[in-house]
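Engineer: Predicted coordinates and the sequence they were generated for:
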Amino acid sequence: MSTAAPRPVLLVVEDDPNLGRQLRWAYEDYEVVIATDRAGAIDALRLHEPAVVTLDLGLPPDPDGTAEGFATLADMLALKPDTKVIVASGHGERASALRAIGDGAWDFYAKPIDFDALGMIVARAFHVHALEAENRRLASGGGADALGGLITAAPEMAKVIRTVERVAPAQVSVMLLGASGTGKELLARALHDRSPRAKGAFVAINCAAIPEALLESELFGHEKGAFTGAVRTVEGKIEQAAGGTLFLDEIGDVPLPLQVKLLRFLQERVIERVGGRKAIPVDTRVVCATHQSVDAMVAEGRFREDLYYRLAEIVIAIPSLAERTGDAALLAKAFVTRYAKTMNPAVTGLSPDARAAVEGWTWPGNVRELENRIKRAVIMADGRLVTAADLDLPEPEGEANNDALNLRAVREAADRQAIGRALARAEGNISGASRMLGISRPTLYDLLKGYGLHG
Ligand SMILES: Nc1ncnc2c1ncn2[C@@H]1O[C@H](COP(=O)(O)OP(=O)(O)OP(=O)(O)O)[C@@H](O)[C@H]1O
């Protein structure tokens with residue numbers, strides 16, 4: 001009997017049985033598992049947990065469109081965000097392929113298939129997946145991992161992700177702007193993990209959480225005897241992050257005198273510990289974040305302009321969760337899966353009313369609020385599904401005002417919202433969106449025209 005290691009599973013999601021067979025023959029290094037539709041793909045993902053998946057976007061019941069393929073991609077990444085999904089793009093579907101990359105696909109290949117070229121992409125995907133898994137194992141214990149830990153399928157986030165991927169390897173300072181809970185720290189970590197500094201430490205400090213008097217020594221360290229209680233020399237966060245990345249959260253809360261010292265470090269790349277006399281060279285990359293308008297602070301003289309330009313060579317604005325089309329539902333699903341595993345394994349998903357409640361709420365606390373709410377609901381859930389009652393969300397704000405509006409206006413607002421959402425989910429595909437809405441294509445066209453929306 002052979003004792004060879006089992007071959008890694010390659011999941012091929014492809015509704016053309018001939019092509020499926022050819023792929024099985026072509027890739028004998030892998031155990032090729034074939035799924036022909038979304039449900040089959042998700043079952044296979046759960047069963048085999050493949051590192052790499054190839055996905056044809058044209059799947060039944062929409063073999064000529066891309067809606068089903070995109071939905072499959074979103075479901076797979078929600079379940080297992082580290083999966084490397086390689087998307088097939090047919091003739092003239094380059095835009096879809098690029099959109100898929102924005103949605104989290106790892107790469108794409110053109111149809112008709114060149115087996116050698118696809119084989120190389122697949123082999124590289126397995127290799128990168130293995131490296132990432134190894135990195136996570138080495139860094140085990142540390143919460144969020146790479147950009148893979150960030151769950152999103154919203155087009156509004158595609159730019160953020162692209163920018164993070166592009167600037168991560170560069171020696172530039174990055175300022176992340178976003179409300180609380182939008183994932184600023186997660187993105188800062190992603191910048192670190194994707195940079196050549198990933199071997200060094202990622203050190204985070206929340207400037208708003210540390211009393212002003214202590215912030216200087218937290219950042220720059222202190223020498224023994226520098227002040228009462230300084231019984232030994234202590235390295236500051238900047239030094240601790242040498243060779244790695246320092247994440248300065250709530251940079252707007254750094255007091256002006258300390259801003260001067262920070263500027264000197266950024267200009268000269270040397271620090272002086274509190275109570276110290278010598279300049280110590282430190283090679284630390286700084287990524288900072290704030291929910292405040294630093295522009296306004298500069299205008300008011302509360303934030304040094306020269307420091308601002310040093311810190312903000314690249315500015316990345318992170319949309320709030322409410323601005324990310326489809327993400328609340330996607331994240332809710334992912335968090336249910338995540339927390340059910342450890343807290344209530346009987347739970348398998350969200351009920352339709354819970355899903356509607358998630359989509360209807362504005363999430364002022366963004367992803368953090370959603371995560372906490374779902375965690376609690378999973379613990380509270382009695383049955384297999386988390387219900388709206390388990391989520392216990394307040395009524396959406398708009399609802400209260402409905403009395404003041406006439407019925408036509410209320411219906412129009414609801415129509416606009418539902419149409420916008422369906423179009424986003426269907427990738428702008430009118431057939432897909434009309435199917436989701438349960439109306440005919442001509443009716444959808446009429447509505448789009450009537451409301452002045454673009455299909
Ligand atoms: N897109 C995402 N996918 C998965 N988890 C996310 C995502 N965005 C945020 N989270 C999770 O939400 C929580 C809050 O994120 P994070 O701490 O990065 O936000 P923040 O913007 O830094 O918040 P604050 O400004 O309040 O410090 C964390 O548990 C993080 O892992």
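Structural biologist: Perfect, thanks for sending it.
Engineer: quick one, phi/psi of the closest residue to D249 other than its chain neighbours?
Structural biologist: Sequence neighbours aside, N206 is the residue nearest to D249 in space, at 4.4 Å (criterion: CB to CB, 6 or more residues apart in numbering). Every residue, glycine included, has its C-beta placed from N, CA and C. The phi and psi values for N206, taken as degrees, to the nearest 10, are phi -100, psi 110.
Engineer: same question, the one 5 residues further on
Structural biologist: Main-chain torsions, P211, degrees, to the nearest 10: phi -60, psi 140.
Engineer: gap between it and D392?
Structural biologist: Computed with CB to CB, to the nearest Å, the distance linking P211 and D392 is 36 Å.
Engineer: neighbour-wise, which of these two wins?
Structural biologist: Counted by other CB atoms under 10 Å, P211 and D392 do not tie: D392 has more neighbours, with 12 against 7.
Engineer: rewinding a little: next one, pLDDT for the residue nearest to D249 please.
Structural biologist: For N206, the pLDDT comes out at 94.
Engineer: From S173, how far out is it?
Structural biologist: Distance from N206 to S173, by CB to CB: 18 Å.
Engineer: Of the two, which one has the most company?
Structural biologist: S173 (18 against 13).
Engineer: who are the neighbours in contact with that one?
Structural biologist: Taking CB atoms under 8 Å, 6 or more residues apart in numbering as the criterion, S173 is in contact with L266, R285, V286, V287, C288, R310, L311, A312, E313, I314.
Engineer: quick one: which of these sit in helices?
Structural biologist: L266, R310, L311 (DSSP state H).
Engineer: Nearest residue to the residue in the stretch 151-300 of the chain positioned nearest to the ligand in space, ignoring adjacent ones along the chain?
Structural biologist: With CB to the nearest ligand atom, the shortest gap between the stretch 151-300 of the chain and the ligand falls at G183, namely 2.9 Å. Of all residues not flanking G183 in the chain, V367 sits nearest, at 5.6 Å (CB to CB, 6+ apart).
Engineer: and the gap between the one you found and the ligand?
Structural biologist: V367 is 3 Å from the ligand, where distance means CB to the nearest ligand atom, to the nearest Å.
Engineer: can you list the residues that contact the strand or helix carrying that residue?
Structural biologist: Using DSSP states H and E, V367 maps to helix 366-380. Helix 366-380 is contacted by residues 179-183, 320-321, 328, 331-332, 335-336, 339-340, 343-344, 347, 354, 358, 363, 365, 386, 390-393 when judged by CB under 8 Å, 6+ apart.
Engineer: which SS state does D75 fall under?
Structural biologist: Of the three states, D75 takes helix under DSSP: H, G, I helix; E, B strand; the rest coil.
Engineer: That one and V315, how far apart?
Structural biologist: Separation of D75 from V315 (CB to CB): 33 Å.
Engineer: So for these two, which sits in the more crowded spot?
Structural biologist: D75 (19 against 15).
Engineer: who's in contact with the closest residue to T233 other than its chain neighbours?
Structural biologist: Spatial nearest neighbour of T233, excluding adjacent residues (CB to CB, 6+ apart): K224 at 4.7 Å. Listed by CB under 8 Å, 6+ apart, the contact partners of K224 are A230, V231, R232, T233, G275.
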